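Peer 1: below are the sequence and a predicted model; questions follow.
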Amino acid sequence: MNPDMMTIADVKDIKDQILAAALAGADEGTLLRLLCEVGGARGLPIGRAILVADTLHPIYEGRAFRWRNDGIEEECEVAYGRTDEGEAAENWQRSIFYRMLQTGEARIRRRLAAEDDAEFEHLRELRAEGYTDYLAFMQPFGAGGAIGDLDCVFGYVATREPAGFPEAGIAALDAVIPTLTLAIKTASLARIAETLVEVYLGRDARERVLKGRIERGKAETIETVLWFSDLHGFTTITDTAAPEEIIPLLNDYSGAVIDAVHAAGGNVLKLIGDGVLAIFNFETAGEAAAAALGAEAELRRREAEIDARRRAEGRPATSVYIGLHLGEVFYGNIGSQDRLDFTVVGPCVNEVARIASMCRSVDRLVVASAAFCEALPPAERRRLVSVGRFALRGVGRAQELFTLDPELAERERRRP
């Protein structure tokens, strides 16, 4: 197809295919690929392209999506961290996108002729790879359309065609870019929604909420293994440590708990000060209980690494107390009409917190209920020993409690 003969129908076809893919839930990389491949079939000779969009994420500042047709393999999607300090900030401030953000230029085109001294290192690299023409663009959303740092989309396209992009192709890009940007924003917002729901509600609750289970009072009865943990001596640490040490300490140890629970297939439901409430909801109670013990073992490995690092730095260190229980709970939406919490409620939730508090009384890092112990497969059950029968505060009946056999735990620790 002659690139100088791109028609209004060609542009409409590119836009229609991008819109159809966006409505079907395509991700950002797929949308970029459609622009390049459908555009190429209609006479737009794109050889390489990238889209960059900020996001709302506790770790990443944004993501870049890449496409190329020269046979070189590279990751289509790359997440990037903060660009407000250090080398990352310096690299960002030397980029053509930063220049556009500062000047407000919506489009910058550069012919990559061999005799030109390109003002941006990135353009010199593209010229060295044989690219001849380059078009960068920035599409802002406006104040009312921004979500966090997601206030615009940056991108560029480049070609190796000796004559560069045809003027009809540039005009087609100008017409398609707003549609592409809107589609990218739709995909990015869906990704942000999933991230926020998972970060603040947990993995399992995310799936349930995003499937529409947000009706107030809607809950189901489930039998699950409950985990409640908190930090040994946290009140004393907060009274004696420097204020700026408290949040890093919580992040270190709570992060270890959460990562260990997730690694074992559990779901963290709530952070309560230094406490963590989680559930292990498996096909059988035995699988759930075994997974909880696996999470405890993984936590101790992570905890040892944190302790060693913090003590070497002269910073406060602690350990995690864990209560484990098995029972029926209501799992779902509880709260008011305009403020809901997706969590578990019921007597067992209170019991697991009381069981965790017994760690101090029996001087053990983990205490489990008889129901939890009985659910374990025999091989795992033999790892637990009784610490006695106790009347728990707020619980109507006394019950026998268990902990990991300290002699067995020591042998396992010493095992190569």
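Peer 2: Right, received. Where do you want to start? These numbers were taken from a predicted model, which means no experiment stands behind them. Numbers count the residues shown, from 1 in each chain.
Peer 1: quick one: pLDDT of D116?
Peer 2: On pLDDT, D116 comes in at 66.
Peer 1: what does the one 4 residues further on give?
Peer 2: Looking at F120, its pLDDT stands at 88.
Peer 1: so it makes contact with S95?
Peer 2: Yes - at 7.1 Å, F120 counts as touching S95 under the criterion of C-beta atoms under 8 Å. Heads up, the C-betas are built off the backbone N, CA and C, glycines and all.
Peer 1: would you list every one of the helices in the protein?
Peer 2: 8-23, 28-41, 86-93, 96-103, 121-128, 167-201, 203-210, 234-240, 243-263, 285-312, 347-362, 370-375, 378-381, 406-414 (DSSP state H).
Peer 1: so which of those is nearest L226?
Peer 2: helix 347-362 (4.2 Å; C-beta to C-beta).
Peer 1: what comes up buried for that closest one?
Peer 2: 348-359 (16 or more other C-beta atoms under 10 Å).
Peer 1: what separates that helix from the chain centre, distance-wise?
Peer 2: 31 Å (C-alpha atoms, centre = their mean, to the nearest Å).
Peer 1: number of nearby residues for the spatially closest residue to I59 that is not a sequence neighbour?
Peer 2: Spatial nearest neighbour of I59, excluding adjacent residues (C-beta to C-beta, 6 or more residues apart in numbering): G81 at 7.0 Å. Residues lying near G81 (other C-beta atoms under 10 Å) number 12.
Peer 1: pretty sure G81 sits against Y60.
Peer 2: Yes - with contacts counted by C-beta under 8 Å, G81 reaches Y60, the gap being 6.3 Å.
Peer 1: now stretch 147-161 - C-alpha only, PDB.
Peer 2: Extracted C-alpha coordinates of stretch 147-161, given in PDB (Å, rounded to 0.1, in the frame of the first residue of the first chain):
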ATOM      1  CA  ILE A 147      -5.900   9.700  38.700                       C
ATOM      2  CA  GLY A 148      -2.800  10.100  41.000                       C
ATOM      3  CA  ASP A 149       0.100  10.600  38.700                       C
ATOM      4  CA  LEU A 150      -1.700   9.300  35.700                       C
ATOM      5  CA  ASP A 151      -2.400  12.700  34.100                       C
ATOM      6  CA  CYS A 152      -1.100  12.000  30.500                       C
ATOM      7  CA  VAL A 153       0.400   9.400  28.200                       C
ATOM      8  CA  PHE A 154       3.800   9.800  26.500                       C
ATOM      9  CA  GLY A 155       4.900   7.900  23.500                       C
ATOM     10  CA  TYR A 156       7.000   7.800  20.300                       C
ATOM     11  CA  VAL A 157       7.100   6.000  17.000                       C
ATOM     12  CA  ALA A 158      10.100   5.600  14.800                       C
ATOM     13  CA  THR A 159      10.700   4.300  11.300                       C
ATOM     14  CA  ARG A 160      13.600   3.000   9.200                       C
ATOM     15  CA  GLU A 161      12.100   4.000   5.900                       C
END
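Peer 1: pLDDT weak spots in the stretch 301-416 of the chain?
Peer 2: 394, 396, 408-416 (pLDDT under 70).
Peer 1: can you redo the helices of the chain as TSV with distance to D151?
Peer 2: Shown next, in TSV, are the helices of the chain (distance: least, C-beta to C-beta, whole Å):
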stretch	distance to D151
helix 8-23	19
helix 28-41	16
helix 86-93	15
helix 96-103	10
helix 121-128	22
helix 167-201	10
helix 203-210	24
helix 234-240	38
helix 243-263	28
helix 285-312	37
helix 347-362	41
helix 370-375	49
helix 378-381	52
helix 406-414	52
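Peer 1: with respect to I272, which of those lies nearest?
Peer 2: Using C-beta to C-beta, the helices of the chain put helix 347-362 closest to I272, at 9.0 Å.
Peer 1: list the contacts of V199.
Peer 2: Residues counted as contacts of V199 (C-beta atoms under 8 Å, 6 or more residues apart in numbering) are P58.
Peer 1: and the gap between it and A379?
Peer 2: Separation of V199 from A379 (C-beta to C-beta, to the nearest Å): 36 Å.
Peer 1: check whether L404 really touches V366, as I assumed.
Peer 2: Yes - taking contacts as C-beta under 8 Å, L404 lies within contact range of V366: 5.8 Å.
Peer 1: E74: which of the helices of the chain is closest?
Peer 2: Using C-beta to C-beta, the nearest of the helices of the chain to E74 is helix 28-41, at 11.6 Å.
Peer 1: looking at L404 and V366 now, which is surrounded by more residues?
Peer 2: When neighbours are counted by other C-beta under 10 Å, V366 comes out ahead of the other of L404 and V366, with 24 against 21.
Peer 1: show me what the more buried one bridges to in the sheet.
Peer 2: Beta-bridge partners recorded for V366 (DSSP bridges): I322.
Peer 1: overlap of the contact sets of L404 and V366?
Peer 2: With C-beta under 8 Å, 6+ apart, L404 and V366 have common neighbours E296.
Peer 1: report the separation between A219 and I272.
Peer 2: A219 is 20 Å from I272, by C-beta to C-beta.
Peer 1: the two - which one has more neighbours?
Peer 2: A direct count of neighbours by other C-beta under 10 Å for A219 and I272 places A219 higher, at 19 against 11.
Peer 1: isn't that one up against E328?
Peer 2: No - assessed by C-beta under 8 Å, A219 is found out of contact with E328, at 11.7 Å.
Peer 1: per-residue pLDDT, A143?
Peer 2: 76.
Peer 1: domain assignment for this protein?
Peer 2: 3-200, 203-414 (automatic domain parsing).
Peer 1: now stretch 262-276: buried residues?
Peer 2: 262, 264-270, 274-276.
Peer 1: just stretch 53-73 next, same as before
Peer 2: Neighbour count says stretch 53-73 has 53-57, 61-68 buried, by 16+ other C-beta under 10 Å.
Peer 1: which pair in the residues you listed spans the largest distance?
Peer 2: The most distant members of these, if one measures by C-beta to C-beta, are L56 and R68, lying 28.3 Å apart.
Peer 1: tell me the bridge partners for V157.
Peer 2: A49, L135.
Peer 1: surely G40 touches I46?
Peer 2: Yes - between G40 and I46 a contact is recorded at 6.0 Å, counting by C-beta under 8 Å.
Peer 1: intersection of neighbour lists for those two?
Peer 2: N69.
Peer 1: the more surrounded of these two?
Peer 2: Shown here are G40 and I46; by other C-beta under 10 Å, I46 has more neighbours (23 against 16).
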